[in-house]
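**Student:** model the structure of this input:
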Amino acid sequence: MEEKGIISTIQRYSIKDGPGIRSTVFMSGCNLRCKWCSNPELLDMSPKYMYFENRCVRCGSCVDTAVNNSISLSSNGCIIDREMCTNLDECMEICPKEAFEKIGMEITADDLVKKLLRDKVFYSQSGGGTTFSGGEPALQARFVIEAAQKLRQYGINTALDTAGAVKWDILSDIINHMDVVLYDIKTYKTKNHIAFTGIDNGIILENAQRIAKLKKDMIVRLIIVPGFNDSWEDLISRVNFVKTLGSSVKRIDFIQYHTLGVGKYKRLGMKYQITKIKKLDTKLIEKVMKIAADTGIKVTLQ
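**Tutor:** This next block holds a predicted model:
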């Protein structure tokens with residue numbers, strides 16, 4: 001039986017998720033709870049509903065449709081009790097201004113590949129391909145493997161963007177079908193990793209070393225969130241760890257924290273966990289990047 005996966009979107013013409021021009025498939029479900037997460041709609045595999053206040057004309061159609069009196073109107077738009085509202089699908093369908101949007105859809109590997117093949121010419125001309133991101137795509141291993149196998153039959157480069165917090169037998173099986181691994185290292189100290197993401201990072205560091213031993217091409221991604229993981233100690237510890245991975249690491253991407261995902265939290269009825277953010281110390285970042293580059297590793301700042 002053909003595998004089915006749960007995805008949110010396919011981002012076309014991406015230039016930051018691996019080599020060349022790529023299509024990035026955002027998979028639903030994640031086993032980390034990063035305080036700075038910019039994709040809260042992907043935290044689990046169940047459908048999510050965004051409410052766009054700016055589209056709402058306060059007509060009351062959803063109020064009449066919602067069960068359990070779970071939607072009411074205010075001057076600022078709809079107030080939604082998401083625990084009580086069990087028929088947001090119906091509310092979405094009846095809204096005349098498309099103020100509700102469903103995130104998350106089931107798709108077969110064949111149908112996904114058909115969509116991705118539409119951009120095959122761009123992959124070929126730029127040395128790009130498809131990147132499976134998320135969320136954590138390794139949580140849908142069988143689907144990702146089947147889709148990757150089909151893509152590679154067409155000569156399309158495949159990449160996995162992962163935080164590596166899964167059992168090695170699962171991760172290694174996926175990696176066998178990938179050309180590139182984008183590997184996220186959020187912070188180095190175990191206690192900080194638990195505090196910022198909710199889990200221990202032991203398996204993440206171990207899996208990075210295992211991937212390196214396979215001589216698989218890696219792009220290591222180091223997110224920098226001021227006030228959380230931007231200290232000299234943390235940054236240099238992560239860089240020094242990456243150095244131990246040897247020639248498998250083709251590039252280190254230093255990724256600056258952004259607030260582009262904050263609006264999603266409001267639209268999902270969720271609370272954003274970071275209330276204040278410090279200014280990024282650009283001189284410190286430049287110094288760390290220079291140390292990384294001095295070893296011969298290509299570095300970028302995104």
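**Student:** list the contacts for the nearest residue to residue 62 once chain neighbours are set aside?
**Tutor:** Closest residue to residue 62 apart from its sequence neighbours, by C-beta to C-beta, 6 or more residues apart in numbering: residue 91 at 4.0 Å. (C-beta placed from N, C-alpha, C; glycine too.) Going by C-beta atoms under 8 Å, 6 or more residues apart in numbering, residue 91 touches 61, 62, 65, 66, 71, 85, 100.
**Student:** ranges for the strands of the protein?
**Tutor:** 4-14, 22-27, 48-51, 71-74, 77-80, 100-103, 105-108, 129-133, 157-162, 180-184, 217-224, 249-256, 298-301 (DSSP state E).
**Student:** mind listing what's buried along the longest one?
**Tutor:** Along strand 4-14, these residues count as buried under the neighbour rule (16 or more other C-beta atoms under 10 Å): 4, 5, 6, 7, 8, 10, 14.
**Student:** now do stretch 265-282
**Tutor:** Buried residues in stretch 265-282 (16+ other C-beta under 10 Å): 265, 267, 268, 269, 272, 281.
**Student:** quick one, phi/psi of the last one?
**Tutor:** Note on residue 281: backbone dihedrals following degrees, to the nearest 10 are phi -80, psi 90.
**Student:** residues in contact with residue 6?
**Tutor:** 27, 28, 29, 45, 104, 105, 106, 107, 140.
**Student:** now, which of the residues you listed sits nearest residue 204?
**Tutor:** residue 29 (17.1 Å; C-beta to C-beta).
**Student:** quick check: the gap between the closest one and residue 135.
**Tutor:** 5 Å (C-beta to C-beta, to the nearest Å).
**Student:** which residues are common contacts for these two?
**Tutor:** What both residue 29 and residue 135 touch, as defined by C-beta under 8 Å, 6+ apart, is the set 42, 43.
**Student:** the two: who's more crowded?
**Tutor:** When neighbours are counted by other C-beta atoms under 10 Å, residue 29 and residue 135 differ, and residue 135 comes out ahead with 28 against 19.
**Student:** picking that back up, just tell me which of the strands of the chain ends up closest to residue 34.
**Tutor:** strand 217-224 (8.4 Å).
**Student:** and the closest one, which residues are buried?
**Tutor:** Result for strand 217-224 [16+ other C-beta under 10 Å]: buried residues 217, 218, 219, 220, 221, 222, 223, 224.
**Student:** my guess is the fifth one meets residue 253, correct?
**Tutor:** In this case it means residue 221. Yes: between residue 221 and residue 253 there is a contact under C-beta atoms under 8 Å: 4.7 Å.
**Student:** related to what we said a few turns ago, and which of the buried residues of strand 4-14 is nearest residue 152?
**Tutor:** Nearest to residue 152 among those, with distances taken as C-beta to C-beta, is residue 5, at 16.9 Å.
**Student:** for the chain, which segments count as helices?
**Tutor:** 61-65, 88-94, 109-117, 120-126, 141-153, 168-175, 190-197, 202-213, 232-243, 262-268, 282-293 (DSSP state H).
**Student:** and those helices, which is most packed in?
**Tutor:** helix 141-153 (a mean of 20; mean count of other C-beta atoms under 10 Å).
**Student:** pLDDT score for the residue found closest to residue 244 once you drop the neighbours it is linked to in the chain?
**Tutor:** Residue nearest to residue 244 in three dimensions, not counting chain neighbours: residue 209, with 7.3 Å by C-beta to C-beta, 6+ apart. Looking at residue 209, its pLDDT reads 98.
**Student:** residue 1 too?
**Tutor:** Residue 1 is given a pLDDT of 67.
**Student:** repeat that for residue 283.
**Tutor:** Listed pLDDT for residue 283 reads 92.
**Student:** same check, this time on the one 3 residues further on
**Tutor:** Residue 286 is assigned a pLDDT of 93 by the prediction.
**Student:** list the contacts for it?
**Tutor:** Taking C-beta under 8 Å, 6+ apart as the definition, residue 286 has no contacts.
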